[in-house]
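[1] got a sequence here, can you model it:
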Amino acid sequence: MEYEFVTDPAEFRARAALLLLDEARHNLMLGILGTLVRSPEVYPDPKMFLVVDRQVAIAAALMTAPYNLIIADTASEQAMEVLAAGIAADGVVIPGAIGNQPTVGRFVAAWERITETPCRLRMEQGVFALDQVAAVPAAPGSARVATPDDLAVITDWTRVFLAEALPDEPVDEEGNLKAIRRRLEGEGPGAYWIWSCEGQPVSLTGHGNPTGRGIRIGPVYTPPVHRGRGYASSLVAAESQWLLDNGYEFCFLFTDLANPTSNAIYERIGYRQVAEAASYVFGTPA
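    All right, here's what the predicted structure looks like:
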């Protein structure tokens, strides 16, 4: 069993065939890999790692600084030991890790022991997938695709969403603004949708990072003053149906498992949990 540091995203994607065994569980890594291959300027210094056994990749991880290391599923506990030891030996600084359980927990335990770095569980997340939209009561208003005229609203709501949903994550405001503009101008495989009521934007969602047969929904944000009226439910349902009607076999999204209200909303739309993920924050080595 050997550790490898890979520098070419296309090579990494080709060799990490294990990701395609379950696109839903690996949608985050697959989506970012697609961006790395199509638009390498978005993440100029990606770091990709494999653990190989008999020339076959049995574990994979990817990091686009300043964001967390993303870890793919593996049945091999030893592979997480090899991965952690290899990354540590290469001197790569990792702010945290995200992945599905139990794999990510095994990596974190190995990393904490090998590097003497304190690790803290930041959030337990649900990975949800949908292949058929269920009927939900229609909220007042209607869905529309966002345009460049919505830039200010989307930028403001995205900033608030990230602060509310991911308070411990590093914020790259310049990078986020560039990403929003690319999506609004149709330069990337994604878009934003807005639910409007009486001519006023009341809820935001979007899609991007296609995996092949599927695509991820996000962000999903409704300002507090507009919550509890079904806007986000109607918007996510409408967007998900549009994506299914336009060639995708399924849609994905991440939820905070500590928020049963939002999880129940997605389940009513037709989303079903396919994995339990977790994100960890790493401290300074002792």
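
[2] give me the below-cutoff pLDDT ranges for the stretch 151-286 of the chain.
    Along the stretch 151-286 of the chain, segments meeting pLDDT under 70 span 168, 170, 187-189, 285-286.

[3] if we use 90, what do you get?
    162-191, 208-209, 212, 259-262, 265, 283-286 (pLDDT under 90).

[4] tell me where it has helices.
    151-165, 173-184, 231-245, 260-269 (DSSP state H, counting those that start in this stretch).

[5] now render those as a markdown table, adding mean neighbour count.
    For the C-beta atoms, the positions are set from N, CA and C on the backbone; glycine is no exception. Putting the helices of the stretch 151-286 of the chain into a markdown table (neighbours: other CB atoms under 10 Å) gives the following:
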| stretch | mean neighbour count |
| --- | --- |
| helix 151-165 | 16 |
| helix 173-184 | 15 |
| helix 231-245 | 22 |
| helix 260-269 | 16 |
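
[6] columns distance to Glu4 on top of the ones you listed, output as JSON lines?
    Formatted as JSON lines, these follow (distance: least, CB to CB, whole Å):
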{"stretch": "helix 151-165", "distance to Glu4": "33"}
{"stretch": "helix 173-184", "distance to Glu4": "28"}
{"stretch": "helix 231-245", "distance to Glu4": "35"}
{"stretch": "helix 260-269", "distance to Glu4": "37"}
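
[7] could you find the closest non-adjacent residue to the residue lying farthest from the centre of the chain?
    Within the chain, the residue lying farthest from the chain centre (CA atoms, centre = their mean) is Glu198, at 32.2 Å. Excluding the flanking residues, the one nearest Glu198 by CB to CB, 6 or more residues apart in numbering is Gly141, at 7.2 Å.

[8] how about Asp90?
    Once flanking residues are discounted, Asp90 sits nearest to Phe5: 6.1 Å by CB to CB, 6+ apart.

[9] ok, back up a step: mind checking the helices of the stretch 151-286 of the chain for the one nearest to Pro66?
    Judged by CB to CB, the one of the helices of the stretch 151-286 of the chain that comes nearest to Pro66 is helix 173-184, at 9.4 Å.

[10] quick one: the closest one to helix 151-165, angle?
    In terms of direction (axes from the mean of the first three to the mean of the last three CA atoms, to 10 degrees), helix 173-184 departs from helix 151-165 by 120 degrees.

[11] so what secondary structure elements neighbour helix 173-184?
    In terms of contacts (3 or more CB pairs under 8 Å, 6 or more residues apart in numbering; DSSP states H and E), helix 173-184 is packed against helix 151-165, strand 191-197.

[12] columns distance to Asp73 on top of the ones you listed, output as JSON lines?
    Shown next, in JSON lines, are the helices and strands packed on helix 173-184 (distance: least, CB to CB, whole Å):
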{"stretch": "helix 151-165", "distance to Asp73": "24"}
{"stretch": "strand 191-197", "distance to Asp73": "29"}
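
[13] quick one: closest of the ones you listed to Thr255.
    Taking the helices and strands packed on helix 173-184 one by one with CB to CB, helix 151-165 is closest: 9.8 Å.

[14] that older thread, looking at the helices and strands packed on helix 173-184, which is nearest to Glu11?
    Nearest to Glu11, of the helices and strands packed on helix 173-184 and by CB to CB, is strand 191-197 at 29.7 Å.

[15] so which bits of that closest one are buried?
    Applying a neighbour-count criterion of 16 or more other CB atoms under 10 Å, the buried positions in strand 191-197 are 191-196.

[16] what's it in contact with?
    If you take CB atoms under 8 Å, 6 or more residues apart in numbering as the criterion, strand 191-197 is touched by 139-146, 150, 153-154, 180, 183-184, 201-208, 226, 231-232, 234-235, 238-239.

[17] cool, stretch 96-113 as well?
    With CB under 8 Å, 6+ apart as the test, stretch 96-113 has contacts from 25, 28, 61, 68-74, 77, 80-81, 83-85, 87-88, 94, 117-119, 122, 125, 127, 168, 275-282.

[18] list the buried residues of stretch 84-98.
    Residues of stretch 84-98 classed as buried: 84, 86-88, 94-98 (neighbour count, 16+ other CB under 10 Å).

[19] do stretch 59-74 as well
    Those would be 59-65, 67-74, for stretch 59-74 by 16+ other CB under 10 Å.

[20] just the CA trace of it, in CSV.
    Output in CSV follows, covering the C-alpha atoms of stretch 59-74 (Å, rounded to 0.1, in the frame of the first residue of the first chain):
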residue,chain,number,x,y,z
ALA,A,59,-8.4,6.0,-1.1
ALA,A,60,-8.4,9.5,-2.4
ALA,A,61,-8.3,13.1,-1.0
LEU,A,62,-8.3,16.5,-2.4
MET,A,63,-7.7,20.0,-1.0
THR,A,64,-8.1,23.5,-2.6
ALA,A,65,-6.5,25.9,-0.1
PRO,A,66,-7.7,27.6,2.1
TYR,A,67,-10.5,25.0,2.3
ASN,A,68,-10.6,21.7,4.1
LEU,A,69,-9.2,18.4,2.9
ILE,A,70,-12.0,16.3,1.2
ILE,A,71,-11.7,12.6,1.8
ALA,A,72,-13.4,9.9,-0.3
ASP,A,73,-14.9,6.8,1.1
THR,A,74,-12.8,3.7,1.6
